[in-house]
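K.L.:
Here is my input; please provide its structure:
(one chain, ligands or ions: 1)
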Amino acid sequence: MSNVYQATTSAPVNIACIKYWGKRNESLILPTNSSLSVTLSQDNLRSTTTARADPSFTTDRLWLNGKEDIIKPGGRLHTCITEMKRLRAEFEAANPDQPKIASFNVHICSFNNFPTAAGLASSASGFAALVYALSRLYVLPHSPEDLSLIARRGSGSACRSLFGGFVAWDMGSDDATGSDSKARQVAPESHWPEMEALICVVNDAKKGTSSTSGMQRTVVTSALLQHRISEVVPSRMAEIERAIADKRFGDFAEITMRDSNQFHAVALDTYPPIFYMNDVSRAIIAIITEYNRLSEQPKAAYTYDAGPNAVIYALTPNVREIAQLVLYYFPQAEKVFIGGKEVEAALPEGFNEAVAKRWEVGAVKGLIHTRVGDGPRVLSDRETLLNAQGTPK
Ligand code: DP6
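P.N.:
Sure, this is the predicted structure:
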């Protein structure tokens, strides 16, 4: 039997506290500002990918959630695969004892353990898992930082999913090749393990504007974006990094909420305007704002990406209380458990109930409780997604 060259990996979702919104170079995916995110645990949300190289494969092929995707020449998938093959070819040239597999075609099979319909961005974890799987298939010595340069070419936010914990994407200044626009770990997950996230999956009937085209329009039309890029983000990046280093949750929360607000303000300042949040999103903002009024420092931080779902960051001792509050306004069809114990709808002492109306079941169609987590993982060959023929199992 001939050798099987393959690897299976998983990669996490990340949710930004300082948002990436805008490119200064579309093809290299170079951002107009640096950004910072929290990597969420793969125990709850992950993309899993198998990559195999074989001389019998007649072309590169990729399947996503069971459906074959076309690898368009010059497209993002094509760029990532080509770049990884280039690194392997360099590696083979430097290590003549290594098998010559760089020229083989590859089959890649990937799936997300969360439904795309949940409206959670899957491109970040997907491209991170793809690049990481190819790096393991090719046994490359490259660091996660190096690999983040390639994941970035798949989807900007994907570069941050190459690390666990708290991750910055430094915008860099090399506009010719983008060699310094890469991810950097600010702190590992072990630094602040009390950091948890409650994702409110908000019902969304309409298909919104994609991140790629939305931010393109913002760059061309929004004057407010220019102010954000030059005056706001640089100091915010420095402040949130310090807040994370010192584990000052109140400051972390305020910066996160302000930055989500500004991202959505910039979307509104786009012409024609873009709305990602809906009435449910705004009700959750009102509820978290009232909750934070009750304590000296914020105990919860909301943030929203290019859709209506809320991600609420909070520390372990406060998560149950926040989940109770969300349940009070957004009743669930199914029981919700945290730490094995059922969560009952309740309002904290002194909470002004009138800040929002109580919604019907289904307005928030699910709650996902998770925490800060680790970077990409290598899985065993038993978890391969490809059968002996190299097609999805
Ligand atoms: C709002 O990374 O999806 O989630 O680079 O065009 O693929 P492309 O965009 P993408 O944009 C993510 C935007 C965001 C903010 C963030 O994750 O920083």
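
K.L.:
Every contact and neighbour count from this point should use C-alpha atoms.
P.N.:
OK.

K.L.:
the strands in the stretch 251-393 of the chain, which residues?
P.N.:
Secondary structure of the stretch 251-393 of the chain (DSSP state E, counting those that start in this stretch): strands at 300-303, 310-315, 337-338, 341-342, 364-371, 377-379.

K.L.:
Walk me through which strands the fifth one pairs with, and which way each runs.
P.N.:
What it means is strand 364-371. Each strand that strand 364-371 pairs with, and the sense of that pairing, follows from DSSP bridges: strand 195-202 (antiparallel).

K.L.:
Skip ahead from the partner strand and say which helix or strand is next.
P.N.:
If you walk from strand 195-202 toward the C-terminus, the next helix or strand you reach (DSSP states H and E) is helix 211-221.

K.L.:
which ones are touching Glu196?
P.N.:
Going by C-alpha atoms under 8 Å, 6 or more residues apart in numbering, Glu196 touches Tyr313, Ala314, Leu315, Thr316, Val319, His369, Thr370, Arg371, Val372.

K.L.:
how far away is it from Ala245?
P.N.:
From Glu196 across to Ala245, the span is 17 Å (C-alpha to C-alpha, to the nearest Å).

K.L.:
Also Gly340?
P.N.:
Counting by C-alpha to C-alpha, the gap from Gly340 to Ala245 is 31 Å.

K.L.:
Next: Met171.
P.N.:
For Met171, the distance to Ala245 (C-alpha to C-alpha) stands at 21 Å.

K.L.:
what's the answer for Thr32, then?
P.N.:
25 Å.

K.L.:
Those two: which is more packed in?
P.N.:
Thr32 (20 against 14; other C-alpha atoms under 10 Å).

K.L.:
Now do the phi/psi pair for the more buried one.
P.N.:
Here is the backbone geometry of Thr32 (degrees, to the nearest 10): phi -90, psi -10.

K.L.:
What residues does it make contact with?
P.N.:
Taking C-alpha under 8 Å, 6+ apart as the test, what Thr32 contacts is Tyr20, Trp21, Gly22, Lys23, Arg24, Met171, Ile229.

K.L.:
Buried only: go through those residues for me.
P.N.:
Tyr20, Trp21, Gly22, Lys23, Met171 (16 or more other C-alpha atoms under 10 Å).

K.L.:
mind giving me JSON lines with those residues and columns for distance to Asn3 and secondary structure?
P.N.:
Supplementary listing: those in JSON lines, determined by distance: C-alpha to C-alpha, whole Å; DSSP: H, G, I helix; E, B strand; the rest coil:
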{"residue": "Tyr20", "distance to Asn3": "42", "secondary structure": "coil"}
{"residue": "Trp21", "distance to Asn3": "44", "secondary structure": "coil"}
{"residue": "Gly22", "distance to Asn3": "44", "secondary structure": "coil"}
{"residue": "Lys23", "distance to Asn3": "42", "secondary structure": "strand"}
{"residue": "Met171", "distance to Asn3": "41", "secondary structure": "coil"}
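
K.L.:
so Glu321 sits right up against Pro348, yeah?
P.N.:
Yes. The pair formed by Glu321 and Pro348 meets the contact definition of C-alpha atoms under 8 Å, at 7.3 Å.

K.L.:
of these two, who's got more company?
P.N.:
Counting neighbours by other C-alpha under 10 Å for Glu321 and for Pro348 shows that Glu321 has the greater number, 17 against 13.

K.L.:
End to end on stretch 372-387, go ahead and measure it.
P.N.:
First residue to last in stretch 372-387 (C-alpha to C-alpha) measures 33 Å.

K.L.:
buried stuff in it?
P.N.:
Burial within stretch 372-387, assessed by neighbour count using 16+ other C-alpha under 10 Å, is assigned to Val372, Gly373, Asp374, Gly375, Pro376, Arg377, Val378, Leu379, Thr384, Leu385, Leu386.

K.L.:
if I read this right, the second one contacts Leu40, doesn't it?
P.N.:
Yes. Assessed by C-alpha under 8 Å, Gly373 is found in contact with Leu40 at 4.9 Å.

K.L.:
what touches both of those two?
P.N.:
Jointly contacting Gly373 and Leu40 under the rule C-alpha under 8 Å, 6+ apart are Pro12, Gly164, Gly165.

K.L.:
Name the residues of stretch 234-248 that come out as buried.
P.N.:
Result for stretch 234-248 [16+ other C-alpha under 10 Å]: buried residues Arg236, Met237, Ile240, Glu241, Ala243, Ile244, Lys247.

K.L.:
Next: stretch 280-297.
P.N.:
In stretch 280-297, counting by 16+ other C-alpha under 10 Å, buried: Val280, Ser281, Ala283, Ile284, Ile285, Ile287, Ile288, Thr289, Glu290, Tyr291, Asn292.

K.L.:
so which of the residues you listed comes closest to the ligand?
P.N.:
Closest to the ligand out of these is Ser281 (14.7 Å), distances taken as C-alpha to the nearest ligand atom.

K.L.:
which residues sit in contact with the closest one?
P.N.:
Under the criterion of C-alpha under 8 Å, 6+ apart, the contact partners of Ser281 comprise Val202, Pro308, Asn309, Ala310.

K.L.:
now Ser35, which residues is it bridged with?
P.N.:
The partner list for Ser35 in beta bridges (DSSP bridges) reads Trp169.

K.L.:
Can you give me the distance of it to Asp259?
P.N.:
10 Å.

K.L.:
Need the residues touching each of those two.
P.N.:
Residues touching both Ser35 and Asp259 comprise Cys17, Ile18, Lys19, with contact defined as C-alpha under 8 Å, 6+ apart.
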